[in-house]
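Chemist: Give me a 3D structure for the following:
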Amino acid sequence: MTLLSKTLTAFGGILLAHACYSAREHTTLQSLRSAATAALTSSPAAAVSLPVDIIIETIISTFVILLGLVLGTRALRPLEWRVWAGKIEREGEEGFTDGAGAVDKDFMGNPFSVLESRPNFVDIRKQRREFTEWVQKGGTPQGQ
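Modeler: Residues are numbered from 1 along each chain as shown. All right, here's what the predicted structure looks like:
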């Protein structure tokens, strides 16, 4: 995360903590006031909602936190395997570095390397080439 995103996230967290504290204090004061009013009169206490400034502060602080988190995320990776594998083939490990030059911790290399390195992987083109060379040399089928 960059300094800007960390600062925004921290500032939003402080704003959200203040909004939560303000909401708790307002609720406590209203419950004490309604208890005192109920003791003086026999009428039930009316429910009071939070003031608009606390609601606005909560919404703004949530958006500031979200903005800080979004600014701190790294670039998205391709969703399609063919695009992902193509990027690996073209750029190699350098294509998956962050801004500081460190390799992405989630870099897993070529996703198809397991398929390409299997001992029983059949290379059809190589076999076709070998067969063509065998036929051109006058090879005969075995058993005849």
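Chemist: if I read this right, Gly13 contacts Leu69, doesn't it?
Modeler: No. With contact taken as Cβ atoms under 8 Å, Gly13 and Leu69 are classed as non-touching, separated by 10.6 Å. All C-beta atoms are positioned from the backbone trio N, CA, C, and that covers glycine.
Chemist: how does the protein divide up, domain by domain?
Modeler: In the assignment given by automatic domain parsing, the structural domains of the chain cover 3-71, 81-136.
Chemist: Rebuild those domains as a markdown table, extending it with mean neighbour count and mean pLDDT.
Modeler: Putting the domains of the chain into a markdown table (neighbours: other Cβ atoms under 10 Å; pLDDT from 0 to 100) gives the following:
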| stretch | mean neighbour count | mean pLDDT |
| --- | --- | --- |
| domain 3-71 | 13 | 88 |
| domain 81-136 | 10 | 70 |
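Chemist: quick one: Val52 and Arg24, what's the gap?
Modeler: Taking Cβ to Cβ, to the nearest Å as the measure, Val52 and Arg24 are separated by 17 Å.
Chemist: same check, this time on Thr140
Modeler: With distances taken as Cβ to Cβ, Thr140 is found 93 Å from Arg24.
Chemist: ditto for Ile65
Modeler: Applying Cβ to Cβ, the value for Ile65 to Arg24 is 19 Å.
Chemist: got it, and Ile59?
Modeler: Ile59 sits 17 Å away from Arg24, taking Cβ to Cβ as the criterion.
Chemist: On the C-terminal side of the longest helix along the chain, identify the next helix or strand.
Modeler: Scanning the chain for the longest helix, with DSSP state H as the assignment, gives helix 3-40. Sequence-wise, the next helix or strand beyond helix 3-40 is helix 52-71, with elements assigned using DSSP states H and E.
Chemist: Output the contacting helices and strands for that next one.
Modeler: Here helix 52-71 touches helix 3-40, going by 3 or more Cβ pairs under 8 Å, 6 or more residues apart in numbering; DSSP states H and E.
Chemist: This completes my enquiry, with thanks.
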